[in-house]
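Q: What follows is a predicted protein model with its sequence.
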Number of protein chains: 2
Amino acid sequence: MAITVVGSVAFDTIETPAGRRERCLGGAATYFALAASYFTEVQVIAVVGEDFGPRQESVFKARGIDLRGLERARGKSFFWAGNYLENLNEAKTETTELNVFGDFSPKIPEAYLGTEFLFLANIDPVLQKRVRDAMPQARMVCGDTMNYWINDHRDNLLKVLPGLDVLLINDTEARLISGETNALLAARGVLALGPKAVVVKHGEYGATAYFGEGSFGSKDVPRPFRSPALPLDLVVDPTGAGDSFAGGFFGYIASQKEVTPAVVRRAMFYGGVMGSFAVEKFGTERLQGLSRAEIDARFEVFRELTHLD
Amino acid sequence: MAITVVGSVAFDTIETPAGRRERCLGGAATYFALAASYFTEVQVIAVVGEDFGPRQESVFKARGIDLRGLERARGKSFFWAGNYLENLNEAKTETTELNVFGDFSPKIPEAYLGTEFLFLANIDPVLQKRVRDAMPQARMVCGDTMNYWINDHRDNLLKVLPGLDVLLINDTEARLISGETNALLAARGVLALGPKAVVVKHGEYGATAYFGEGSFGSKDVPRPFRSPALPLDLVVDPTGAGDSFAGGFFGYIASQKEVTPAVVRRAMFYGGVMGSFAVEKFGTERLQGLSRAEIDARFEVFRELTHLD
């Protein structure tokens, strides 16, 4: 089943110990859509400026991604510049130019209105809520957020959380949302705010899913589940790893008939797999040229990395 | 088969957010021995002072631990005081009094000389080497170390590493030993110094085992293996978690007929299990009163936490 994603499509200038790239295609919705496109159809709601041309468009088209919800506005696309020279686990932002993204008001094509799977990438929670409310038929909704919205737009974010089946965040964000330093208490604190499940990402250590009572058809509280990240000898560019995780995670779920705890566990692995590919090259390069066979082969590597037998 | 452990038996004064305890029984050899005692016989080589009395001795005796190698010296036992008030993942040392441990010269009882499994806990690498050389019949040797020996006694440490089947260290130590910041390159750098395998502990994120070529009877390089740590809602006292991991890990290995990569993977889980018990109460309290059934039940929790099916 198709997924609709709402979020940013952007240009990124990125510097890492492996080199520097100017104005790569980037943005949360881009990474998410590319990663999810290996599992299911993806429909994008975003806004770009006049600098978004046929070259950028072809990256989406080559993966069969539906851009009918991509608005073209006068001006420039969202631009971000940052580096990972001191720390591969945390970007140091040099420039953020919102440009046309600053006035983003998501427009949902009629053709998307039947979509059953909705991903709310990291944007203003007011917009997340508006899109969610405009797509009441969506039977599974996942979302992301970041410290800026948690700290400065908390009330708006708190209106989004009860509508989410899965919130995907990192350790720091889980602590910020809940006010708890202990990882398990932080996860429980987040669940108490409404999402049915929370996936907490640990960077190079993988991710942990925590579930609320009765989530995904279980009779009780499914046990937490931890998926690994792949030890890589070279992380070229960490940009988009989290959005690629989300794309693999939700893409796999949307490709399944039913959403059970077992499906969510496998989705966690596919999330890690897509994140591990994303960081192997700059920008979206690695995510553009994969095959499902490569993805499934790496899934087996993840299994061997964690399974006793 | 029995394990001989050489290391510290000490008194610890510990403060954590959960409270404060004065002069608990502690020391690396103590935690290791208690954890390993649920899997196999354990023989201790250590030194204590006159403050080590029947109460402390009974902790070992109750677990059937062989103390013939425990030397009683004039003076006081090794004493450490520290707190985890700011950070549960890293102790802040307040006091270290080596006392009789400062002149520790391990004496190996004749009865231990046939031991096939030897654990060199975190002590001066000169002593680790001396014990290893004095026990040539040991067919599997694991060891620990710390930043002090890595930084200030590197040459001595480098003489120990080639004699180890498994070196157990944490992320920071792997980076210090290898000079590499990337986790996989750090592990490879450590392996290049001689140990057949290295287990890198990640605190609340578990641990990863990396193997050298042909280790444990495999024909090639066994793939890395990652074991989880259990998300706990209360970490009472992190002291001894790493030594308890080592005890569970090596204790399980020594209890098996053969040491294969599959046995090492299960041993990683048992390491995590014993670490997770250790932190639930102050000092060695939790490790004193376990049962093998409780341990195996938690092993299954670890399996559910990580296994797809």
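A: Looks like it arrived, so ask away.
Q: how many neighbours does the nearest residue to residue A:278 once chain neighbours are set aside have?
A: Spatial nearest neighbour of residue A:278, chain neighbours left out: residue A:244 (3.8 Å); criterion: C-beta to C-beta, 6 or more residues apart in numbering or on different chains. Any C-beta I mention is one placed from the backbone N, CA and C, and that applies to glycine too. Residue A:244 is flanked by 29 other residues according to other C-beta atoms under 10 Å in any protein chain shown.
Q: and what of residue A:17?
A: Residue A:17 has 15 neighbours, counted by other C-beta under 10 Å.
Q: With residue A:300 instead?
A: 12.
Q: Using the three-state scheme, assign it.
A: At residue A:300, secondary structure determined by DSSP: H, G, I helix; E, B strand; the rest coil is helix.
Q: can you list the residues of the stretch 201-309 of chain A near chain B?
A: Taking C-beta under 8 Å from any C-beta of the partner chain as the contact definition, the stretch 201-309 of chain A meets chain B at A:202, A:204-206, A:208, A:210, A:223-226, A:228, A:231-235, A:262, A:265-266, A:269, A:301, A:303-309.
Q: quick one, what contacts the closest residue to chain B within the stretch 1-150 of chain A?
A: Closest residue of the stretch 1-150 of chain A to chain B, C-beta to the nearest C-beta: residue A:88 (8.0 Å). Neighbouring residues of residue A:88 by C-beta atoms under 8 Å, 6 or more residues apart in numbering or on different chains: A:16-17, A:235, A:238.
Q: Can you get me a residue count around the residue of chain A found nearest chain B?
A: Of all residues in chain A, residue A:205 sits closest to chain B, at 3.7 Å by C-beta to the nearest C-beta. Neighbours of residue A:205 under the rule other C-beta under 10 Å: 22.
Q: pLDDT at it, what is it?
A: Note for residue A:205: predicted pLDDT of 96.
Q: Excluding residues flanking it in the chain, which one is nearest it?
A: With C-beta to C-beta, 6+ apart, the residue lying closest to residue A:205 is residue B:205, at 3.7 Å.
Q: if we can go back for a sec, give me the buried subset of the residues of the stretch 201-309 of chain A next to chain B.
A: Applying 16 or more other C-beta atoms under 10 Å in any protein chain shown to those, the neighbour count classes A:202, A:204-206, A:208, A:210, A:224-226, A:228, A:231-232, A:235, A:262, A:265-266, A:269, A:301, A:305-306 as buried.
Q: Show me the residues you listed that map onto helices.
A: The members of those that map onto helices under DSSP state H are A:262, A:265-266, A:269, A:301, A:305-306.
Q: Pull the most distant pair out of the residues you listed.
A: A:262 and A:301 (20.0 Å; C-beta to C-beta).
Q: Spatially nearest residue to the residue nearest the centre of chain A (excluding sequence neighbours)?
A: By C-alpha atoms, centre = their mean, chain A has its centre lying nearest to residue A:243, at 2.9 Å. Distances taken as C-beta to C-beta, 6+ apart place residue A:31 nearest to residue A:243, at 3.6 Å, with adjacent residues excluded.
Q: now swap in residue A:86 and tell me
A: Closest residue to residue A:86 apart from its sequence neighbours, by C-beta to C-beta, 6+ apart: residue A:92 at 6.6 Å.
Q: Dihedrals phi and psi, that neighbour?
A: Note on residue A:92: its backbone torsions stand at phi -100, psi 110 [degrees, to the nearest 10].
Q: So what's the residue count around it?
A: Neighbour number of residue A:92 under other C-beta under 10 Å is 12.
Q: quick one, what contacts it?
A: Listed by C-beta under 8 Å, 6+ apart, the contact set of residue A:92 reads A:82-86.
Q: By neighbours, which of those wins?
A: Of these, with other C-beta under 10 Å as the count, residue A:84 tops at 20 neighbours.
Q: just checking, that one touches residue A:20?
A: No - the pair residue A:84 / residue A:20 is not scored as a contact, 10.9 Å apart, by C-beta atoms under 8 Å.
Q: between those two, what contacts are shared?
A: Shared contacts of residue A:84 and residue A:20 (C-beta under 8 Å, 6+ apart): residue A:14.
Q: can I get the ones in helices among the buried ones among the residues of the stretch 201-309 of chain A next to chain B in CSV with pLDDT and distance to residue B:254?
A: Compiled in CSV, these are given as follows (pLDDT from 0 to 100; distance: C-beta to C-beta, whole Å):
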residue, pLDDT, distance to residue B:254
A:262, 93, 36
A:265, 97, 33
A:266, 98, 36
A:269, 98, 33
A:301, 97, 30
A:305, 97, 25
A:306, 98, 24
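Q: coming back round to it: for the residue nearest to residue A:86, report the pLDDT, please.
A: As predicted, residue A:92 sits at a pLDDT of 95.
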